[in-house]
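Novice: Predicted structure and sequence below. I'll ask about it afterward.
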Amino acid sequence: MSEPPIEPLIVVGVDGSGHSRRAVRWAVEQARLIGGRVHAVMAWDWNRNPFALGMAEAQFAEQVASTAEEAARRKLADTVTAAVGASPGVPVFRRVEQGPPAQILVDASKEAELMVVGTRGYGGFKGALLGSVSQQVVQYAACTVVVVRESRDEGREGGAGEGQGESRGGGGSA
């Protein structure tokens, strides 16, 4: 008996911003069209103090890291739910990983058919066309990348319309 075909995997980078909510909506709609599944990935990073010498400082750092990871899990769940609701119609799995966001997403692209990111997240310059994480993902991802940008109305008025996708073929050099 043959195995059923595996659903194509779409990975979407999430940071809680409006840009990432639009990316989640786009990824879910694309998964619906191709019979795929979505992994919504959020990265978090915690820099530990390399000069902390005592056991109390180490335990405190572990507690703070656990709190940061839990906060990232809640933010990811809230963002996905805000973007596509509780029952989006396709399998949406949530993944929270520790590390630099660009590296986490580039690594996740190795198992994906398609990577979806927003144009930019919370950081950086508001007028930038592409944020640093999205730029690195476009450059180094192992699969095709779709950058979901804000609509023209959003850029002018700050409205909440649907994003438009632009793609780039995968297999970028590292």
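Specialist: Arrived safely.

Novice: now the strands: where do they sit in this protein?
Specialist: For the chain, strands defined by DSSP state E occupy the ranges 9-13, 37-44, 92-98, 114-118, 144-149, 164-168.

Novice: and among these, the most buried is which?
Specialist: strand 114-118 (a mean of 29; mean count of other CB atoms under 10 Å). (Glycine included, C-beta is placed from N, CA and C.)

Novice: Packing partners of that one?
Specialist: With contacts taken as 3 or more CB pairs under 8 Å, 6 or more residues apart in numbering; DSSP states H and E, strand 114-118 sits against strand 9-13, helix 18-34, helix 101-109, helix 132-140, strand 144-149.

Novice: Please produce TSV containing these, extended by distance to residue 75.
Specialist: TSV is the format used below for these (distance: least, CB to CB, whole Å):
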stretch	distance to residue 75
strand 9-13	13
helix 18-34	10
helix 101-109	13
helix 132-140	16
strand 144-149	19
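
Novice: Can you tell me which of those is most buried?
Specialist: Most buried among the helices and strands packed on strand 114-118, counting by mean count of other CB under 10 Å: strand 9-13, with a mean of 26.

Novice: Note down every partner strand of that strand and its orientation.
Specialist: Partners of strand 9-13 in the sheet, by DSSP bridges, are strand 37-44 (parallel), strand 114-118 (parallel).
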